[in-house]
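Asker: my questions are about this predicted structure, shown below with the sequence.
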Amino acid sequence: MHNHARVPVGVLGASGYVGQELLRLLAGHPGASVAFATAETAAGETVEGQRLIKTDDAQVARAELVFSCLPHGVSGRYVNDVRAAGVRAVDLSADFRLSAEAVYGLTEFARPRVATAELVANPGCYPTAALLALIPLAKRGLIDPGREVVIDAASGVTGAGRNARRELLFGEVAEDYRAYAAGNTHRHLPEVRAGLAREGGFSGDLVFTPHLLPVKRGILETIHVPLTRALDQGAAEALYEEAYAGEPCVLITRGALPSLKDVVYRNRVAIGVVPVSGVQRPRLTVIAAIDNLVKGAAGQAVQNMNVMLGFPETAGLAC
């Protein structure tokens, strides 16, 4: 495909980890070209061959679609400007994830809505893994609403963003492992609840505890699911394989549990299951792994762009 035939796209907030990842993916995309990429303090720097300009200097109308990787609370205002200019948008912040104005872009479950959307709210990283792990069980009425679903999630430090913070210094993080936002206080929890209710019809209790891993990228979630009836290993794996049959970006790890090595730099979720023995009521442990910067952010955004613009869904992505 020649360059003049490529669809021009813009990236707002291209200097953070997610914005840089997005430019990396777009640099290898066969059908899109970057019309502009913006930053504030990093304006004038070059990322993936793109010279970053001030956000207010971006000529939004030059793009057919704009990604916003701006911070939560800032992004919404710029996205509204993009929409006012008649340009479609994918917002990677949390600003529209719970809003009726946007389509929630969990691609595997929202394709028809994403395809025609003017505004897609790209899911958060923790919710992406949790929802892809839980929706197949919820849809079949297999999650016991009378008991809690417990989600223990661990993320690499890029999930906390690129701003300098003392608790994220190498010397603070290396050789350590710690929980944060304990007691069900993490800002992603309402998003997981909303997605489970919408796609799976489940509105029981969730207990979510995130942890900080001393790695750059990757999320591993260990999810303890109370079941309405017992499932053995084969039945549980078959259920997931049926739910995600033909899905290019979902890997069911039969007979094994996924690790970060299965997913880093890939736009995929890897899901493994194991029945829990020695308990009085049936439970299933579901392990879900993603790269927080790819399937958890920039990769899923490109996947959604591909659906919106009619490209092959995995164009520019390694799944």
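Answerer: That came in fine, so what should we check first?

Asker: strands along the stretch 151-300 of the chain, start to end?
Answerer: 178-179, 206-212, 219-226, 250-252, 269-275, 283-290 (DSSP state E, counting those that start in this stretch).

Asker: any idea of the mean pLDDT in the first one?
Answerer: Strand 178-179 carries an average pLDDT of 90.

Asker: could you say what helices and strands it packs with?
Answerer: strand 206-212 (3 or more Cβ pairs under 8 Å, 6 or more residues apart in numbering; DSSP states H and E). Using the backbone N, CA and C atoms, a C-beta is placed for each residue, glycine as well.

Asker: what pairs with the strand it packs on, and is each one parallel or antiparallel?
Answerer: strand 149-155 (parallel), strand 178-179 (antiparallel) (DSSP bridges).

Asker: so which of these is nearest Arg254?
Answerer: strand 149-155 (22.6 Å; Cβ to Cβ).

Asker: which residues are in contact with that closest one?
Answerer: Contact with strand 149-155 is made by 125-126, 129-130, 134, 143, 177, 192, 204-213, 218-226, 292, as judged by Cβ atoms under 8 Å, 6 or more residues apart in numbering.

Asker: with stretch 235-242 instead?
Answerer: Contacts of stretch 235-242 (Cβ under 8 Å, 6+ apart): 136-137, 140, 142, 231, 252, 254-255, 271, 273, 275, 284.

Asker: between those, which has the most around it?
Answerer: Counting neighbours by other Cβ atoms under 10 Å, the top entry in the contacts of stretch 235-242 is Ile271, with 28 neighbours.

Asker: quick one: pLDDT of that one?
Answerer: Ile271 is given a pLDDT of 98.

Asker: can you check Thr285 too?
Answerer: So, for Thr285, pLDDT stands at 98.

Asker: any idea how many residues pack against it?
Answerer: Using other Cβ under 10 Å, the number of residues around Thr285 comes to 16.

Asker: same thing with Thr253?
Answerer: Neighbours of Thr253 (other Cβ under 10 Å): 17.

Asker: gap between the longest helix that the chain contains and the chain center?
Answerer: As assigned by DSSP state H, the longest helix anywhere in the chain is helix 125-139. Distance of helix 125-139 from the chain centroid (Cα atoms, centre = their mean, to the nearest Å) equals 11 Å.

Asker: how about stretch 209-223?
Answerer: With Cα atoms, centre = their mean, you get 14 Å for stretch 209-223.

Asker: tell me the SS of Leu22?
Answerer: State at Leu22, reduced to three classes by DSSP: H, G, I helix; E, B strand; the rest coil: helix.

Asker: so what's the residue lying closest to it once chain neighbours are set aside up against?
Answerer: Closest residue in space to Leu22, ignoring its immediate chain neighbours: Ala298 at 4.1 Å, by Cβ to Cβ, 6 or more residues apart in numbering. Neighbour list for Ala298: 18-19, 21-22, 24-25, 69, 92 [criterion: Cβ under 8 Å, 6+ apart].

Asker: swap in 7 Å and give it another go.
Answerer: 18, 21-22, 25 (Cβ atoms under 7 Å, 6 or more residues apart in numbering).

Asker: for the residue located most distally from the centre of the chain, give its distance to Gly201.
Answerer: Farthest-out residue of the chain from its mean C-alpha position, per Cα atoms, centre = their mean: Gln280, at 34.7 Å. Distance, Gln280 to Gly201, by Cβ to Cβ, to the nearest Å: 26 Å.

Asker: swap in Asn267?
Answerer: 27 Å.

Asker: which of the two has more residues huddled nearby?
Answerer: Taking other Cβ under 10 Å, Asn267 and Gly201 do not tie; Asn267 has more neighbours (26 against 13).

Asker: residues in contact with that one?
Answerer: Asn267 neighbours (Cβ under 7 Å, 6+ apart): 249, 294-295, 299-300, 303, 317-319.

Asker: PyMOL command to pick out the buried ones of these?
Answerer: Filtering these down to the buried ones (16 or more other Cβ atoms under 10 Å) takes a single PyMOL command:
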select buried, resi 249+294+295+299+300+303+317+319
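
Asker: just the contacts of Asn267 now: which is nearest Ser33?
Answerer: For the contacts of Asn267, the nearest to Ser33 is Leu317 (16.4 Å; Cβ to Cβ).

Asker: where does the nearest residue to the closest one once chain neighbours are set aside land on pLDDT?
Answerer: Leaving aside its chain neighbours, Leu317 sits nearest to Asn267 (4.2 Å; criterion: Cβ to Cβ, 6+ apart). The score at Asn267 is 98. That number is its pLDDT.
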